[in-house]
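Participant: Quick one, structure for this:
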Amino acid sequence: MGKTYDVIDGRLREFIEAQPVFFVATAPLAQDGHVNLSPKGHNGSLKVLDELTVAYLDFGGSGAETHAHLRENGRVTLMWCAFTGPPNIVRVHGTGEAVYRDDPRFEELIPRFAEADGPGVRGIIVVRAKRISDTCGFGVPLMEYQEDRPLLRQFLGRKSDDEFAQYCESKEYNVKSIDGLPALPLPLPPRSS
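Facilitator: Next comes the predicted model:
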């Protein structure tokens, strides 16, 4: 039986922070718009900032659907599944925003991700929880985590910050969403540090 919680603390926080992968779901307001569901990972790229706030690093190399949907309506759901140990699924429904590299909050937040920070960070997605829940996860298979894939870091690590900004601008999927919504605000601002 599922439960809802007022805050992310104790065992919920420990569970969230221990998972090597999580999922992000967003959608546009249009009824015929495309729902987006993205897997996220990389050790240390997600942090519980406080009892109602979770944030994760957003890396380039993929689309920018989450950015487009958050810019339009802010709705977001994060989900973590236990692939090892006791079965559990945790969801955080809330509102989110992207904190971009030219936002003063970026410089305040980025040190919290020191172990995961690296080439290709476009911004930090900050999610404020409105509903926190967990369910049994009995249907989630048992799987073994091996390691993070190094490919994204290798690909992005070959680019200077200027080359990365040019790369972002050159990809149509960074400029607008599948449904034509504005996605990343471009040009991508440079990193100050």
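Participant: my guess is residue 92 meets residue 134, correct?
Facilitator: No - here residue 92 does not reach residue 134: they are 10.2 Å apart, not a contact under Cβ atoms under 8 Å. The C-beta positions use only the backbone N, C-alpha and C, and glycine is treated the same way.
Participant: Give me the more crowded residue out of those two.
Facilitator: Using other Cβ atoms under 10 Å, the more surrounded residue of residue 92 and residue 134 is residue 92, with 26 against 18.
Participant: is it true that the more buried one lies in a strand?
Facilitator: Yes - assessed by DSSP: H, G, I helix; E, B strand; the rest coil, residue 92 belongs to a strand.
Participant: Quick one: residues contacting it.
Facilitator: With contact taken as Cβ atoms under 8 Å, 6 or more residues apart in numbering, residue 92 is in contact with 8, 54, 77, 78, 79, 127, 129, 131, 132.
Participant: pretty sure the first one is touching residue 47, no?
Facilitator: No - applying Cβ under 8 Å, one finds residue 8 not in contact with residue 47, separated by 11.2 Å.
Participant: Who has more neighbours out of these two?
Facilitator: The neighbour count for residue 8 versus residue 47, taken as other Cβ under 10 Å, is higher for residue 8 (21 against 18).
Participant: does that one sit in a helix, a strand or a coil?
Facilitator: Following three-state DSSP, residue 8 is assigned to coil.
Participant: Look up how far residue 128 lies from it.
Facilitator: Residue 8 sits 11 Å away from residue 128, going by Cβ to Cβ, to the nearest Å.
Participant: Low-confidence bits of this structure, can you list those?
Facilitator: Where the chain drops to pLDDT under 70, the residues are 1, 193.
Participant: and residue 56, what does it touch?
Facilitator: 22, 24, 40, 45, 46, 47, 124, 125.
Participant: What strands line up against the one helix or strand it maps to, and which way round?
Facilitator: Using DSSP states H and E, the element containing residue 56 is strand 53-59. With DSSP bridges as the criterion, the sheet partners recorded for strand 53-59 are strand 46-50 (antiparallel), strand 121-135 (antiparallel).
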